[in-house]
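[1] Structure for this input, please:
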Amino acid sequence: MSPEREVLYEFRPMGAQLRVAAIDPETGTEVVIIAPATSTRMEMQRVARAKLMRRLTTLSGGEDGLESPDLV
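    Model (predicted):
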């Protein structure tokens, strides 16, 4: 996912927290994070974008650089 790629964000308050959705308009892929309402908007967008980038990488068959736990 290139840095210039458009990402849509949706913010929904949930008490002392915010539900932040990051959506890739090209694929319709959506991820959600829950953040404290005291977090900055920029920080919430950075975390949500990173989660979206990881999801798009794994969906395309790429390595996300993280180890997967062994399933027993």
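
[2] Can you list the helices and strands that the helix or strand hosting Gln45 packs against?
    Secondary structure assignment for Gln45, by DSSP states H and E: helix 41-59. When contacts are defined as 3 or more Cβ pairs under 8 Å, 6 or more residues apart in numbering; DSSP states H and E, helix 41-59 sits against strand 8-14, strand 17-23, strand 30-36. To be clear about C-beta, it is placed using only N, CA and C from the backbone, and glycine gets the same treatment.

[3] residue ranges with poor pLDDT in the chain?
    Within the chain, the stretches with pLDDT under 70 are 1-3, 64-72.

[4] The helix holding Gln45 to strand 30-36, inter-axis angle?
    150 degrees (axes from the mean of the first three to the mean of the last three Cα atoms, to 10 degrees).

[5] Now helix 41-59: buried residues?
    Met44, Gln45, Val47, Ala48, Arg49, Leu52, Met53, Arg54, Arg55, Leu56 (16 or more other Cβ atoms under 10 Å).

[6] Distance to Val32 for those - can I get that in TSV?
    What follows is these, written out as TSV (distance: Cβ to Cβ, whole Å):
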residue	distance to Val32
Met44	11
Gln45	13
Val47	11
Ala48	8
Arg49	13
Leu52	10
Met53	15
Arg54	13
Arg55	11
Leu56	15
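
[7] that older thread, buried deepest among the helices and strands packed on helix 41-59, which one?
    Highest mean neighbour count of those: strand 17-23, a mean of 18 (counted as mean count of other Cβ atoms under 10 Å).

[8] Would you format the helices and strands packed on helix 41-59 as a markdown table with distance to Gly62 included?
    Shown next, in a markdown table, are these (distance: least, Cβ to Cβ, whole Å):
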| stretch | distance to Gly62 |
| --- | --- |
| strand 8-14 | 22 |
| strand 17-23 | 18 |
| strand 30-36 | 16 |
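
[9] Identify the residues contacting stretch 26-41?
    5-6, 11, 13-14, 16-24, 43-44, 47-48, 51-52, 55-56, 59 (Cβ atoms under 8 Å, 6 or more residues apart in numbering).
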